[in-house]
Structures are given as C-alpha cells and as structure tokens.
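Chemist: Quick one, fold the following:
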Amino acid sequence: MGVRRHEISESPRELMRVAPRIRDLGVGLALSGVNRGLRAAQLLDALPLDYIKLATSLNQSPGALVAIAHARNIAVIATQIEEESQLRQLREAGVDYAQGHSLAHPSRSLNYRFAAAG
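Modeler: Down below sits the predicted model:
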C-alpha cells in the first residue's frame, strides 16, 4: 500500500496507528516522495515501512538516504528513470528498485514478465 509523504503530514498519528495492522494483514507499506532531512529520518523511524520511493529530486544523489533506509531494512525505489545512465548511477548508490520509461513504458497489461527483465 502506498502513502504519499504529504498525506502523512495531514494525519501522522492515524497512519502510525493503522500501519501495524496493515502489515499484519500481509500488506507491505511504501512511503512516496521521500527526500532528505530530519523529517524523512523521523518518518522512517516512526512507521513500519517496507519501501520508500525517493522524491525525483534525489535521483541524482540518493546515497545518504539509501544508507539510512537500508539500516532500517527498508528497500528503496527510484522513480521516473528515463536514461540508462541514471539507472547505473542509482544502482551504484544502492537503490533496490527503479521505475521509468527506460525500463518499460506504461501499459494496461498485467502480464509483464519481471523474470525476463533480469
């Protein structure tokens, strides 16, 4: 289940209350739009997250935030990856997953073969 960072600022206590129950149901929790700063680290500490999706502004240098997330066993996703060079840089920085047109174009099909993509 994805939650945007700005949605948390509206009702953080409510999300903190229901997040453990969501995970108990076997649903992973992802926080989108994560950027640098104390607030990001506080959210990573406060919520039982499985994934974070980086703010696109961090696609050039996500290093420290990746390390913070990995120290908390949270996987990192970079979005809007448009060029192969971006993908290489993000892999070197330790980003776990990537989304964007350089990987696959949007499709209504639900039968994408992830294993074939490597």
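Chemist: Who are the packing partners of the helix or strand containing Ala41?
Modeler: Ala41 is part of helix 38-46, with elements assigned from DSSP states H and E. With contacts taken as 3 or more Cβ pairs under 8 Å, 6 or more residues apart in numbering; DSSP states H and E, helix 38-46 sits against strand 30-34, helix 63-71. C-beta: built from backbone N, CA, C; applies to glycine.
Chemist: So for that helix, mean pLDDT?
Modeler: Averaging pLDDT along helix 38-46 gives 76.
Chemist: Only C-alpha atoms, please: export it in PDB.
Modeler: Extracted C-alpha coordinates of helix 38-46, given in PDB (Å, rounded to 0.1, in the frame of the first residue of the first chain):
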ATOM      1  CA  LEU A  38      15.400  15.200   9.700                       C
ATOM      2  CA  ARG A  39      11.700  14.700   8.900                       C
ATOM      3  CA  ALA A  40      12.500  11.900   6.500                       C
ATOM      4  CA  ALA A  41      14.600  10.100   9.100                       C
ATOM      5  CA  GLN A  42      11.900  10.600  11.700                       C
ATOM      6  CA  LEU A  43       9.300   9.000   9.400                       C
ATOM      7  CA  LEU A  44      11.500   6.100   8.700                       C
ATOM      8  CA  ASP A  45      11.900   5.500  12.400                       C
ATOM      9  CA  ALA A  46       8.200   6.000  13.200                       C
END
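Chemist: Going forward, the N-terminal residue is numbered 191.
Modeler: Renumbered: residue one is now 191, and that last one reads helix 228-236.
Chemist: That one vs strand 220-224, what angle?
Modeler: Calculated by axes from the mean of the first three to the mean of the last three Cα atoms, to 10 degrees, helix 228-236 forms an angle of 170 degrees with strand 220-224.
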